[in-house]
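[1] Could you work out the structure for the sequence below:
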Amino acid sequence: MDKYSMNFGKKERVLNYACQTYQLSRPNKVGAVMALIRECQPDSFEEWEQWYFENANTTGKKPTRITAECLKELGTRLYCKITEVVIPEWKSAFEELTEQDCIDYIYNLTINRTYDGYIREKSVVNDGLAKIFPEIVFEESDPELDHAGDVDYVAKVGNSAIGIQIKPVTASANFGSYSLTERMKASFEDFKEQYGGNVFIVFSLDGEIANKEVIEQIRAEIEILK
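    Next comes the predicted model:
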């Protein structure tokens, strides 16, 4: 199968980091690209490219048509962010980094953050979701399942189920703009195909549900699956 994606080599990591950090590939910037290409159903790259520029719009209250010039402008913004912010920040971090920082980081990541995450999950589910939806049983995802890395809890609704992923609010400065990776999208789609229900991301702030709107979204999904 032919591949059209460019190879950026060692630069890929910094490009991806900055693009995600400054949300330059979000639907409000480039449109809902996966939805667009599925709507297009192209037989060739050229067909998709032409169709995108004829139909793609930014999402939001005031959608605007996306042009090649728009993508160029986003690329210019990405370059400015990398050269003016990312590189100076990383250079400073590299200069200040010590061996003890690395030792402490590995220990903290393995022990401290794991425990914090465990307590956070328990609080969000037991003190939050389980009390809001007392008729639903929330079970920890089986670690042997393919989706386990992306779905923390499974909530059974009749013969179906919905998935819950819990993230600290610090996972995104603006959780309303949190962007799923392609791997996570595929994992969530596999879950829905297997269980019938969608996966919902619940952001936790000090053990409380930060994105309150997800509660009604879960409630609506439960009603559909009943």
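
[2] for the helix or strand of the chain at the bottom of the mean pLDDT ranking, which positions count as buried?
    In the chain, no helix or strand scores lower on mean pLDDT, DSSP states H and E than helix 182-195, which sits at a mean of 84. The neighbour-count check on helix 182-195 (16 or more other C-beta atoms under 10 Å) flags 184, 187, 188, 190, 191, 192, 195 as buried. (Glycine included, C-beta is placed from N, CA and C.)

[3] Around residue 151, count how many other residues there are.
    26 (other C-beta atoms under 10 Å).

[4] Find the helix or strand that the residue lying closest to it once chain neighbours are set aside is a member of.
    Spatial nearest neighbour of residue 151, excluding adjacent residues (C-beta to C-beta, 6 or more residues apart in numbering): residue 163 at 4.0 Å. Assessed by DSSP states H and E, residue 163 sits inside strand 160-168.

[5] Only C-alpha atoms, please: export that strand in CSV.
    Below are the C-alpha coordinates for strand 160-168, written out as CSV (Å, rounded to 0.1, in the frame of the first residue of the first chain):
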residue,chain,number,x,y,z
SER,A,160,-24.2,-3.3,26.4
ALA,A,161,-21.7,-1.1,28.2
ILE,A,162,-20.1,2.3,28.1
GLY,A,163,-16.4,3.0,28.7
ILE,A,164,-14.9,5.6,31.1
GLN,A,165,-11.5,7.1,30.8
ILE,A,166,-10.3,9.3,33.7
LYS,A,167,-7.7,11.9,33.2
PRO,A,168,-6.3,14.6,35.5
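
[6] which helices and strands sit right next to it?
    The contact analysis (3 or more C-beta pairs under 8 Å, 6 or more residues apart in numbering; DSSP states H and E) places strand 160-168 against helix 113-124, strand 153-157, helix 182-195, strand 196-205, helix 213-225.

[7] what are the pairing partners of the fourth one, and which direction each?
    Strands flanking strand 196-205 in the sheet, each with its direction: strand 160-168 (parallel), strand 208-209 (antiparallel) (DSSP bridges).

[8] again with the second one
    Strand pairing for strand 153-157, using DSSP bridges, gives strand 137-140 (antiparallel), strand 160-168 (antiparallel).

[9] can you list the residues that contact the first one?
    By that I understand strand 137-140. 125, 129, 130, 152, 153, 154, 155, 156, 164 (C-beta atoms under 8 Å, 6 or more residues apart in numbering).

[10] Isn't residue 25 up against residue 15?
    No - the criterion here is C-beta atoms under 8 Å, and residue 25 misses it with residue 15 at 10.4 Å.
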